[in-house]
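Enquirer: what follows is a predicted structure for the sequence shown.
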Amino acid sequence: MEQTRAIFDELERRRIQEYIFNLEDIQDTTQDLISEQKELEKKVEDKNLELRKLKEKLKEELSERKRAETEKKNLEYQFLQSQKLEAMGKLGGGIAHDFNNILTAIQGNISLMMMVTDPADPNWRQLNNIENIIERGSRLTSQILGYVRKGKGEIRPLSLNRLVEETLDAFSRTRKQIVVRKTLCPGSACINADLSQMEQVLVNLYINAADAMPDGGDLFLETGYISHDDMTKRGLHPKQRRYVSLTIADNGVGMDPNTQKRIFEPFFTTKKRGKGTGFGLSSVLGIVEDHGGYLSFYSVEGQGTTFEVYLPESEEVIKEQPIEIETFVGGTETILVVDDEETNIDVILRLLQALGYQVVTAMNGEKALAVFESLMGSVDLVILDLIMPGMGGAQVCERLRKIDPNVKVLFMSGCETAFEDFGLNEEDPKHYIQKPFRVGGLSRKVRELIDTEKGQAAK
């Protein structure tokens, strides 16, 4: 029995010892597995970090691509807008040229009548009124180019109060369903501005308000003064001590938020096709900013819109413009007039002859060169239209200067941007007269150029 027990004990001891060995192996294996698990977790964490970085990079690339696509669309839009503006500029220039040619013929005939009419004659005043109307018509052509022409025009002191009164008078006659309520500040509310462009600002704002009240309503206008500090409180950045303010408000339909974001965009309009150009408010903003001013607005849908214009106050004195009796300066020299419009040729011919000059004419560049050569040395001045079919005025002038470097040339055109359009920026502005012109202005220009010792136009 003892021997058997001893055998069982030995077997039990070996079994326990084997178990212990196996347990140690399991522990070692477990440790190895734990280490491998940690390594795997570290690799997974590193991969996840790498994936997150790749994801962020991809997100940035997609965002950058989206920004690039948006910028591309914006550039394409701006390019299309610039092409439209260029086309409008050319169209406007053509309209201005043709319209001013018509006004030149009318103005010339009026001038001829005034030259033989006594200023005491009641008809003289009527003729003078027609001249003023022609001048206003000429300003309309400036307004056609008001948006595409980036200039300030003729800057002079103006009374904003008087300008409001004058423009409102014409507007009220055409929009009788609109009740105008105006409050003008004391004094003249003087600003330095171009008359035609300020008229354009006011009329566009009136029309914008009237269009918001198709069934009639109230148009409120108020002028005043605003200080530098008050301008700053309104979030503006004034450069002068005091500004003249103009508030134009209506109780019309108002604007929704989306429309408010886009109202100053060129070509944007809420009107039906053919009813609006989208130039009105964008041109207003451009003109106001060109004059050193500010334009702001607020609108509530269903209640109306208010525009506020702030323009630098002028300290200059506004000079009254009395009716002047024009003085004429004549002569006996020979003048060559070149223009493709028969009516213009005829009226300028008669004006110059009435002033005592000898006049020869040509209706195109080729004939002008032939006449000039045939009268070599006898022509004292060439009055030359810039825009003509075939050989234009700039080309004719160049050819004339090859024949006679000292030739004296007075350019004329119905297009205000002619000097720039034809690359004549280096020419002296005194060698240019804008159509339509009065006989007094023409006579002084002609006399001034003829009396110069040398042909200063040839530079």
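Expert: Cool, got the structure.

Enquirer: only C-alpha atoms from now on, for both contacts and neighbour counts.
Expert: Fine.

Enquirer: compute the number of surrounding residues for Leu369.
Expert: Residues within reach of Leu369, counting by other CA atoms under 10 Å, total 18.

Enquirer: does it really touch Val396, like I thought?
Expert: Yes. The pair Leu369 and Val396 passes the contact test of CA atoms under 8 Å, sitting 7.3 Å apart.

Enquirer: which element is Ile226 on?
Expert: For Ile226, the enclosing helix or strand under DSSP states H and E is strand 217-227.

Enquirer: list of residues touching that strand?
Expert: 161, 177-185, 189, 209-210, 241-252 (CA atoms under 8 Å, 6 or more residues apart in numbering).

Enquirer: give me the buried entries from those residues.
Expert: Buried subset of these (neighbour count, 16 or more other CA atoms under 10 Å): 161, 178, 180, 182, 184-185, 189, 209-210, 242-252.

Enquirer: let's see which of those end up in strands.
Expert: Using DSSP state E, the subset of the buried ones among the contacts of strand 217-227 located in strands is 178, 180, 182, 242-250.

Enquirer: let me see the contact set for Pro389.
Expert: Contact analysis of Pro389 by CA under 8 Å, 6+ apart lists 340, 364.

Enquirer: quick one on the thing from earlier: can I get the ones in strands among the buried ones among the contacts of strand 217-227 in JSON lines with distance to Leu442 and pLDDT?
Expert: As requested, these are exported to JSON lines (distance: CA to CA, whole Å; pLDDT from 0 to 100):
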{"residue": "Ile178", "distance to Leu442": "43", "pLDDT": "89"}
{"residue": "Val180", "distance to Leu442": "42", "pLDDT": "91"}
{"residue": "Lys182", "distance to Leu442": "41", "pLDDT": "92"}
{"residue": "Arg242", "distance to Leu442": "40", "pLDDT": "93"}
{"residue": "Tyr243", "distance to Leu442": "39", "pLDDT": "95"}
{"residue": "Val244", "distance to Leu442": "37", "pLDDT": "95"}
{"residue": "Ser245", "distance to Leu442": "39", "pLDDT": "95"}
{"residue": "Leu246", "distance to Leu442": "38", "pLDDT": "95"}
{"residue": "Thr247", "distance to Leu442": "41", "pLDDT": "95"}
{"residue": "Ile248", "distance to Leu442": "41", "pLDDT": "95"}
{"residue": "Ala249", "distance to Leu442": "44", "pLDDT": "94"}
{"residue": "Asp250", "distance to Leu442": "46", "pLDDT": "93"}
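
Enquirer: quick check: angle from the strand holding Ile226 to strand 178-183?
Expert: 20 degrees (axes from the mean of the first three to the mean of the last three CA atoms, to 10 degrees).

Enquirer: now the helix or strand following strand 217-227, how far from the centre of its chain.
Expert: Where DSSP H and E defines the elements, the next helix or strand beyond strand 217-227 is helix 228-233. Centroid displacement of helix 228-233 relative to its chain, using CA atoms, centre = their mean, to the nearest Å, is 27 Å.

Enquirer: what lies in contact with helix 228-233?
Expert: Contacts for helix 228-233 (CA under 8 Å, 6+ apart): 237-243.

Enquirer: show me where the stretch 201-350 of the chain has its helices.
Expert: Taking DSSP state H, counting those that start in this stretch, the helices of the stretch 201-350 of the chain run over residues 228-233, 257-262, 280-290, 342-354.

Enquirer: what does the stretch 51-200 of the chain give?
Expert: 122-144, 160-174, 195-211.

Enquirer: list the contacts of the second one.
Expert: Which is helix 160-174. By CA under 8 Å, 6+ apart, helix 160-174 touches 178, 180, 184-185, 188-191, 199, 202-203, 206, 223.

Enquirer: ok, now the first one?
Expert: Surrounding helix 122-144, the residues in contact under the criterion CA under 8 Å, 6+ apart are 92, 95-96, 99-100, 103, 107, 110, 113-114, 117-119, 196-197, 200, 416, 436.

Enquirer: repeat that for stretch 237-246.
Expert: For stretch 237-246, the surrounding residues in contact (CA under 8 Å, 6+ apart) are 189-191, 221-228, 231-232, 308-313.

Enquirer: any stretches of the stretch 101-250 of the chain with poor pLDDT?
Expert: 139-153 (pLDDT under 70).

Enquirer: how far off helix 122-144 does the helix or strand hosting Leu40 point, in degrees?
Expert: Using DSSP H and E, Leu40 maps to helix 2-115. Orientation check (the same axes, to 10 degrees): helix 2-115 against helix 122-144 gives 160 degrees.

Enquirer: for helix 2-115, packing partners?
Expert: helix 122-144, helix 342-354 (3 or more CA pairs under 8 Å, 6 or more residues apart in numbering; DSSP states H and E).

Enquirer: poorly predicted segments of the stretch 351-459 of the chain, please.
Expert: In the stretch 351-459 of the chain (pLDDT under 70), the answer is 416-429, 453-459.

Enquirer: can you show me the strands along it?
Expert: 358-362, 381-385, 409-413, 432-434 (DSSP state E, counting those that start in this stretch).

Enquirer: just how off-centre is the second one within its chain?
Expert: Relative to the mean C-alpha coordinate of its chain, strand 381-385 is positioned 32 Å out (CA atoms, centre = their mean).
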